[in-house]
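*Asks:* Dropping the sequence and predicted coords here.
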Amino acid sequence: MFKTKLESGMRVIGERMPGMSSVSLGVWINAGSVYERDGELGAAHFIEHMLFKGTKTRSASRLAEEMDAIGGNLNAFTAKECTCFYGRVLTKHLGVLTEALADMLENSLLDEGDIEREKGVVCEEIAMAEDTPEDLVTETAISSYYEGDPLARPILGTQESVRAFTRSGLRAYMERHYKPAATVVAAAGNFDEDELVSLVSRSFGGGRGEPEPPADFANHVPGKRFRFIRKDIEQAHICICLPGFKKDTPESYAQLLFSNAFGGTMSSRLFQRIREERGLAYSVYSYPTVFANSGFMTLYAGTGAENAAVVTEMMLEELYRAGRDGLTPEELERAKNQLISSYLMSRESNSARASALGRAELIGRNVLSEEEVISKINAVDMAGIEAVLPRLCSAEDIAACVVGRDRGRERELKRLIINE
């Protein structure tokens, strides 16, 4: 692995995988929903869309044709803490990919007509998310958990905020955050280090200036919160958010192992009790989410409306039982083996490696070697699990949402979840 910092402040990081014939390249920017001001909800995500609409030298169709002509791919995503533009090509085409990404980021037209058309596209994306119960219940529960904090902001924005976007407002957001000092270029695959640095230096401009920092975020206020959203659907979708730990701490590794054993696999407690033993849900699971300075754990189940209360009660019973009794040594060992295997298999993908490098470097975390990651997983013992249980299995700090059609069960569900 290598890392260098250009004169502009942009960082370039990479990991060579000589046996491959391709290279993955990502451009990571400190520009996510937590960086948005009032009136800018969804701006980071909207800009991500707009940068594919054409530059001073490339139309949107030409950009797509150039990638197709070399058999490459180009995509992007927006998250709470960042935006990433990325692609994968054969090694010989790395220059084409690098130059195309730089052109998109630095020379986008943000055409007024394109902006108006894209408003319709993004509003349809918002409507699609609202019509997808699993997405809706999860987003609502997370927003409730971080109520009043920038992390509660929806990445997509709202119909109202998107319709109000202007070219000048979008430009202002980019001028504050799309700066070299807030940008990391990460690569993994078969490439030459000197060539990559040269390509990035030539393709990206030499802008200066420090980006505007985000507002103070990840200030979760403990408490109990519950929302019920009425939807005329067959199932009830249940999502519960619980306090967790921030990224790359010993506690976050213990949290990851606990969640895996509790609801992350087919052998987990939630899956075995609710699906296998009772047949009450097709989809039931848990997973952790970590940010640079915060984290939480999510429980989810989708079940028939008539079973919503019993499934909710079973999820919480298992949670509180785990908080009281902990995991067994066999569960911990199984979780370690599963996570290490999953991690090592992901390492066979240069896209996954580039993503891990870029995200870690952007948020100021040490980029861990394969041996270090495995060592941190193996270092979690029974005492480490027991130490995180009071926080992960808290009955006093909980945010939940249920999406379904039967409001008659709202009071019962609220009582089960937050004892009201």
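*Replies:* Good, I have the coordinates.
*Asks:* mind listing the strands for the stretch 151-300 of the chain?
*Replies:* Assigned strands in the stretch 151-300 of the chain, in chain order: 183-189, 224-230, 235-243, 283-290, 295-304 (criterion: DSSP state E, counting those that start in this stretch).
*Asks:* would you turn these into JSON lines with mean pLDDT and mean neighbour count?
*Replies:* All C-beta atoms are positioned from the backbone trio N, CA, C, and that covers glycine. As requested, the strands of the stretch 151-300 of the chain are arranged in JSON lines below (pLDDT from 0 to 100; neighbours: other Cβ atoms under 10 Å):
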{"stretch": "strand 183-189", "mean pLDDT": "98", "mean neighbour count": "27"}
{"stretch": "strand 224-230", "mean pLDDT": "95", "mean neighbour count": "17"}
{"stretch": "strand 235-243", "mean pLDDT": "97", "mean neighbour count": "25"}
{"stretch": "strand 283-290", "mean pLDDT": "97", "mean neighbour count": "20"}
{"stretch": "strand 295-304", "mean pLDDT": "97", "mean neighbour count": "23"}
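*Asks:* roughly how far apart are the closest residue to residue 365 other than its chain neighbours and residue 292?
*Replies:* Nearest residue to residue 365, sequence neighbours excluded (Cβ to Cβ, 6 or more residues apart in numbering): residue 248, at 5.0 Å. Going from residue 248 to residue 292 by Cβ to Cβ, to the nearest Å gives 9 Å.
*Asks:* same check, this time on residue 90
*Replies:* Distance, residue 90 to residue 292, by Cβ to Cβ: 34 Å.
*Asks:* wouldn't residue 98 be in contact with residue 197 here?
*Replies:* No: using Cβ atoms under 8 Å, residue 98 is not in contact with residue 197; the gap is 10.6 Å.
*Asks:* returning to what we had before: tabulate the strands of the stretch 151-300 of the chain (CSV), appending distance to residue 209.
*Replies:* Listed next are the strands of the stretch 151-300 of the chain as CSV, based on distance: least, Cβ to Cβ, whole Å:
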stretch, distance to residue 209
strand 183-189, 12
strand 224-230, 40
strand 235-243, 37
strand 283-290, 30
strand 295-304, 31
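*Asks:* picking up where we left off before, could you list which residues are in contact with the residue nearest to residue 365?
*Replies:* Under the criterion of Cβ atoms under 8 Å, 6 or more residues apart in numbering, the neighbours of residue 248 are 290, 360, 365, 366, 368.
*Asks:* from memory residue 400 sits against residue 225, does it?
*Replies:* Yes: at 7.1 Å, residue 400 counts as touching residue 225 under the criterion of Cβ under 8 Å.
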